[in-house]
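Participant: Curious how this folds, go ahead:
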Amino acid sequence: MSATKILWGQVLVVFLIVLAAVWGATQWVAWRLGYQLQLGQPMDVWAGVPVYPPPAFFLWWYWYDAYAPRVFYEGAVIAAAGGFAAIGIAIGMSVWRAREAGDVTTYGSARWATACVLILPRAANTTVARKPGPCFPTSPHGSARDADVVWHRDW
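Facilitator: Presented below is the predicted three-dimensional model:
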């Protein structure tokens, strides 16, 4: 998987967590203020409870903070907790994704070479050997593939 690929599922989960937290803060503040008419028209009514749009919390905070600062502080804590939870879950999902990758061979734009990649043409200044193995099966005649393989002297 490319490191530059946008993981839309992860973005959606984080967005929904933040939305749920802000909406929860809005509903909490509305409940604590007794669903007063000054809060405005609700979006809908579910089971007899008025449901307000999530950004209403910020407008109410601006307009009515002087009248009930403790209530808006509680709402702010709920909204901020959702933000911190979203950050934690995003980090957790990234770690989970990183652990799923079995054989990581990319580090930025570089990658580690494997023995199968080291098939090079024979050069005069290299130690060249043919070592049969999974990448270089031997033929019935006992020789490796047609290409020479460069091996480090410590191997």
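Participant: how close does M93 get to L39?
Facilitator: With distances taken as C-beta to C-beta, to the nearest Å, M93 is found 35 Å from L39. C-beta: built from backbone N, CA, C; applies to glycine.
Participant: For those two, indicate the residue with more neighbours.
Facilitator: L39 (19 against 15; other C-beta atoms under 10 Å).
Participant: so what's the more buried one closest to, chain neighbours aside?
Facilitator: A30 (5.8 Å; C-beta to C-beta, 6 or more residues apart in numbering).
Participant: Where does the prediction get shaky in this structure?
Facilitator: By pLDDT under 70, the weakly predicted segments of the chain are 1-4, 101-155.
Participant: mind giving me the domain ranges of it?
Facilitator: 8-107, 113-155 (automatic domain parsing).
Participant: Quick check: phi and psi on A47?
Facilitator: Note on A47: its backbone torsions stand at phi 50, psi 40 [degrees, to the nearest 10].
Participant: in stretch 29-41, what's buried?
Facilitator: Buried residues in stretch 29-41, counted by 16 or more other C-beta atoms under 10 Å: 29-30, 33, 39.
Participant: From start to finish, how long is that stretch in a straight line?
Facilitator: Stretch 29-41 stretches 15 Å from its first residue to its last (C-alpha to C-alpha, to the nearest Å).
Participant: what secondary structure does P50 sit in?
Facilitator: strand (DSSP: H, G, I helix; E, B strand; the rest coil).
Participant: The chain: strands as residue ranges?
Facilitator: 44-46, 49-51, 106-107, 110-111, 119-120, 128-129, 148-150 (DSSP state E).
Participant: Spit out the contact partners of Q27.
Facilitator: By C-beta atoms under 8 Å, 6 or more residues apart in numbering, the contact list for Q27 reads 49, 51-52.
Participant: if I look at the residue nearest to L39, how far off is Q36?
Facilitator: 8 Å.
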